[in-house]
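Q: quick one: sequence and predicted model below, then my questions.
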Amino acid sequence: MTEKQHKSGYAAIIGKPNAGKSTLMNRILGSKISITTHKAQTTRHQVVGIFSDDDTQVVFLDTPGVISPKYELQSAMMRTVGRARADADVILFIFDPTDRHPTDEVIELLRSINKPILLVVNKIDVIDRSKAEKKVADLEDKLRFKSIHYVSALQGTGTDELMDAIRGQLIPGPPYYPKEDLSEHPVRFFVSELIREQVYLQFQEEIPYSCTVEVISYDADVDIDRINAEIIVNRNSQKGMLIGKGGKAIKNLGIKSRESIEEFIGKKVFLDLHVKVREKWREKENWVRNLGY
Ligand SMILES: Nc1nc2c(ncn2[C@@H]2O[C@H](COP(=O)(O)OP(=O)(O)OP(=O)(O)O)[C@@H](O)[C@H]2O)c(=O)[nH]1
Ligand SMILES: [Mg+2]
């Protein structure tokens with residue numbers, strides 16, 4: 001028999017906020033599994049994305065950007081990163097060479113770990129190679145990498161070579177998930193994420209960081225899915241901002257969210273969206289947990 005042995009494994013995607021972690025995972029999977037925006041701290045959960053071909057399966061774990069947590073929600077996000085790091089067979093350290101701020105927290109997190117780390121230098125479409133290489137040399141003084149890859153997650157440059165390197169780190173074993181699966185989260189998760197993505201895109205300053213979204217009910221009819229969802233805010237004053245003058249802001253948010261949910265599930269959607277205040281929910285452990293973090 002010359003048949004190749006099947007290989008599988010977990011790859012944790014770790015890096016600073018906004019480095020392009022979710023964009024990279026979506027690019028590799030060819031599908032929008034994890035939400036992405038230009039704002040930092042978009043991802044709050046471990047988002048699973050599954051890549052399969054005939055003889056490999058890589059379970060990617062997209063994670064929140066590494067920060068020093070200032071409130072309970074951020075602490076929960078950092079515990080999520082810690083779990084992905086622990087579960088991984090290989091770590092992809094996504095580095096944005098255009099980021100002018102230090103990378104100390106990520107280096108600290110990865111220094112103590114005895115797993116293969118692939119350094120993924122992202123956004124090479126917008127920076128000179130020589131400038132990026134200088135920054136990489138600094139990182140190499142601080143961490144050991146199995147290999148270094150220059151990619152553009154946005155344009156797809158270098159991602160095939162990266163996949164080959166990831167394959168090289170996998171061990172023989174059966175697939176963990178059916179080969180046709182792209183993820184493992186329930187539809188409700190994606191719905192709440194897509195609404196949250198629109199909050200990030202449409203609102204400024206502290207609003208996105210103060211909101212979370214809960215799907216209250218999900219009824220699938222033959223030709224339409226009826227969804228009732230709540231946007232939960234941190235303070236009473238934020239409720240008015242989300243609703244806007246004459247309800248204009250929430251109406252627009254509802255339209256954009258519905259469109260992106262329809263695109264995701266490939267079906268017509270009726271979306272009923274409300275705003276609810278949970279005073280200081282981000283600071284309170286029980287609320288943070290109850291709201292799914
Ligand atoms: N020019 C360029 N922009 C990119 C690239 N990859 C990602 N971006 C942009 O960088 C921003 C952040 O991308 P995300 O994928 O949300 O970053 P992230 O690391 O998941 O961020 P958090 O979830 O907040 O930790 C978005 O505006 C992306 O379009 C790239 O290769 N080139
Ligand atoms: Mg992300």
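A: Yep, that arrived. Residues are numbered from 1 along each chain as shown. Ligands and ions are numbered 1, 2, ... in the order given.
Q: ligand 2 contacts on the protein?
A: Within the chain, the positions near ligand 2 by CB under 5 Å from the ion are 21, 22, 42, 43. Placement of C-beta: from N, CA and C, glycine included.
Q: now the second one: closest residue in space, sequence neighbours ignored.
A: The spatial neighbour of residue 22 that comes closest, neighbours along the chain excluded (CB to CB, 6 or more residues apart in numbering), is residue 34 at 3.8 Å.
Q: ok, and which of the residues of the chain next to ligand 2 reach ligand 1?
A: Of the entries in those, those that also sit close to ligand 1 under the rule CB under 6 Å from any ligand atom are 21, 22, 42, 43.
Q: now, the residues you listed that are in helices?
A: By the criterion of DSSP state H, membership of these in helices covers 21, 22.
Q: quick one: low-confidence residue ranges for the stretch 1-150 of the chain.
A: In the prediction, the stretch 1-150 of the chain carries residues with pLDDT under 70 at positions 1-3.
Q: can you give me the strands in it?
A: Assignment of strands within the stretch 1-150 of the chain using DSSP state E, counting those that start in this stretch yields the ranges 7-15, 47-52, 56-62, 90-95, 117-121, 147-150.
Q: tell me the most buried of these?
A: Among the strands of the stretch 1-150 of the chain, the stretch with the highest mean neighbour count (mean count of other CB atoms under 10 Å) is strand 90-95, at a mean of 25.
Q: what's in contact with it?
A: If you take CB atoms under 8 Å, 6 or more residues apart in numbering as the criterion, strand 90-95 is touched by 9-16, 19-21, 24, 85, 103, 106, 110, 113, 115-122, 135-136, 139, 143, 145-146, 162, 166, 169-170.
Q: just stretch 248-266 next, same as before
A: For stretch 248-266, contacts defined as CB under 8 Å, 6+ apart pick out 32, 187, 190-191, 194-195, 197-199, 201-203, 225, 227, 231, 241-244, 268-271, 273, 275.
Q: model confidence over that stretch, on average?
A: For stretch 248-266, mean pLDDT is 97.
Q: return that stretch as PDB; C-alpha atoms alone will do.
A: As requested, the backbone C-alpha atoms of stretch 248-266 are provided in PDB (Å, rounded to 0.1, in the frame of the first residue of the first chain):
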ATOM      1  CA  LYS A 248     -32.800  55.200  13.000                       C
ATOM      2  CA  ALA A 249     -29.600  53.600  14.200                       C
ATOM      3  CA  ILE A 250     -31.100  50.400  15.400                       C
ATOM      4  CA  LYS A 251     -33.100  50.100  12.200                       C
ATOM      5  CA  ASN A 252     -30.000  50.400  10.100                       C
ATOM      6  CA  LEU A 253     -28.200  48.000  12.300                       C
ATOM      7  CA  GLY A 254     -31.000  45.500  11.900                       C
ATOM      8  CA  ILE A 255     -31.000  45.800   8.100                       C
ATOM      9  CA  LYS A 256     -27.200  45.300   7.800                       C
ATOM     10  CA  SER A 257     -27.300  42.400  10.300                       C
ATOM     11  CA  ARG A 258     -30.200  40.700   8.600                       C
ATOM     12  CA  GLU A 259     -28.400  40.900   5.200                       C
ATOM     13  CA  SER A 260     -25.200  39.400   6.600                       C
ATOM     14  CA  ILE A 261     -27.100  36.600   8.400                       C
ATOM     15  CA  GLU A 262     -29.000  35.800   5.200                       C
ATOM     16  CA  GLU A 263     -25.800  35.600   3.300                       C
ATOM     17  CA  PHE A 264     -24.300  33.300   5.900                       C
ATOM     18  CA  ILE A 265     -27.200  30.800   6.200                       C
ATOM     19  CA  GLY A 266     -28.400  31.200   2.600                       C
END
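Q: give the buried residues for it.
A: Along stretch 248-266, the positions that meet the burial threshold by neighbour count (16 or more other CB atoms under 10 Å) are 249, 250, 253, 254, 256, 257, 258, 260, 261, 262, 264, 265.
Q: cool, and stretch 204-220?
A: Buried, per 16+ other CB under 10 Å, within stretch 204-220: 207, 208, 209, 210, 211, 212, 213, 214, 215.
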